[in-house]
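Peer 1: model this:
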Amino acid sequence: MVKLVNRWEGKFMHRFYLNVAVAMVLLFGICNNVAAVVECNRDCLTGFLNTYLQALKKHDASGLPVTKNVKYTENGVRLNLTDGLWQTVTDLPVYRIDVVDEEAGSIGMLGIIFENGNRNFFSTRLKVEKGTQVSEIENLVVRNITPSGLGNAQRNDPHPLYAEPVPENERLSRAELVTIGDSYFTGLDTDDHGSNVPFDPECQRRENGTETANSTNPEARGMAKMGCKAQFDTGFSVIVTDIRERRFVAVDPVYGLAFAFGYFDHDGSIPAYKNLTTGEMVDVSPAFRQPFSFIIAEIFKVKKGTIRQIEAVLTSVPYGMPSGW
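Peer 2: This next block holds a predicted model:
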């Protein structure tokens, strides 16, 4: 019994220090850019994104200025610049949320892309060098989840809060936005659960357009009707055995947005977990009783220091798959 406790403590402390280290790396990268000269402003970055999306629709990359060694990925796999989406996109995205990071020269987007009759949730990130050329393009496309999403009706438009700028006297630094966003991942990945995550009481989460926390859908049941913190406090996250390679790739203080990529690993070994709120045992769905990973893109809307809205795009990939970045 003592050995089991010691092993548990060792695992807990290892994960604790690992999460601290991850947060420090994320913050170091953000803080390093504080004094950066803006070489491509909001309009410039949005222009590059629009040019890229138009080029996808035309199936022609020649109009997009890119560096000689431009890196292009879809769902973590490196492809040639003319492959994948370049051959299948038929219309411009809808349900669009942009995250513009002037200091880092990056822009991220979440929305819905159309591929030959398929309406697929999608996220993308561009890195622009010296305001003149794109050096990195990172895409996530949801092609293996049915249109019904996770069981509830999908919304047709993003939450209006994403379009609301933060009053200047309430704006947080880029480092503060990353810290708040990263606390979400840490809350899932440790036994702290929701205690150290600054959730707004009205926090709502959407996954592939479906409200999965604080749902307004009258037909929603179970976890989807619960608030963000209440969900965390059940302890359900034990089915997520690791959250890795999380990167904050675009941060926008003007709108209070932090955009991150990451991987959620599920090793499939947990048959049931104890609901820490009710004390009841909860059977884990068979879908989560097999090894797989989610590649995920998340946008956190931060309002007055709390997470008010979360928009996620995710799709399943082979268990333990590397990010490609």
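
Peer 1: in which helix or strand does the nearest residue to F264 once chain neighbours are set aside reside?
Peer 2: Nearest non-adjacent residue to F264, counting by Cβ to Cβ, 6 or more residues apart in numbering: F294, 4.2 Å away. For the C-beta atoms, the positions are set from N, CA and C on the backbone; glycine is no exception. In this assignment (DSSP states H and E), F294 forms part of strand 292-303.

Peer 1: now do F48
Peer 2: F48 is part of helix 42-58, with elements assigned from DSSP H and E.

Peer 1: helix or strand next in line after that helix, which one?
Peer 2: Using DSSP H and E, the helix or strand that follows helix 42-58 towards the C-terminus is strand 66-74.

Peer 1: quick revisit: compute the number of surrounding residues for the residue nearest to F264.
Peer 2: 17 (other Cβ atoms under 10 Å).

Peer 1: might one say that it is in contact with T315?
Peer 2: Yes: counting by Cβ atoms under 8 Å, F294 touches T315, with 7.0 Å between them.

Peer 1: for stretch 188-196, which outside residues touch it?
Peer 2: Stretch 188-196 is contacted by residues 12, 15-16, 19, 183, 186-187, 228-233, 235, 237, 240, 242-243, 264, 276 when judged by Cβ atoms under 8 Å, 6 or more residues apart in numbering.

Peer 1: got phi/psi on D283?
Peer 2: The phi and psi torsions at D283 (degrees, to the nearest 10) take the values phi -70, psi 140.

Peer 1: cool, V238 as well?
Peer 2: Here is the backbone geometry of V238 (degrees, to the nearest 10): phi -60, psi -20.

Peer 1: which SSE is the nearest residue to it once chain neighbours are set aside in?
Peer 2: The spatial neighbour of V238 that comes closest, neighbours along the chain excluded (Cβ to Cβ, 6+ apart), is Y273 at 4.9 Å. If you go by DSSP H and E, Y273 is part of strand 272-274.

Peer 1: what about that strand, average pLDDT?
Peer 2: Strand 272-274 shows a mean pLDDT of 93.

Peer 1: quick one: strands adjacent to that strand?
Peer 2: Strand pairing for strand 272-274, determined by DSSP bridges: strand 281-283 (antiparallel).

Peer 1: name the residues that touch the partner strand?
Peer 2: For strand 281-283, contacts defined as Cβ under 8 Å, 6+ apart pick out T234, F236, P271, A272, Y273, K274, N275.
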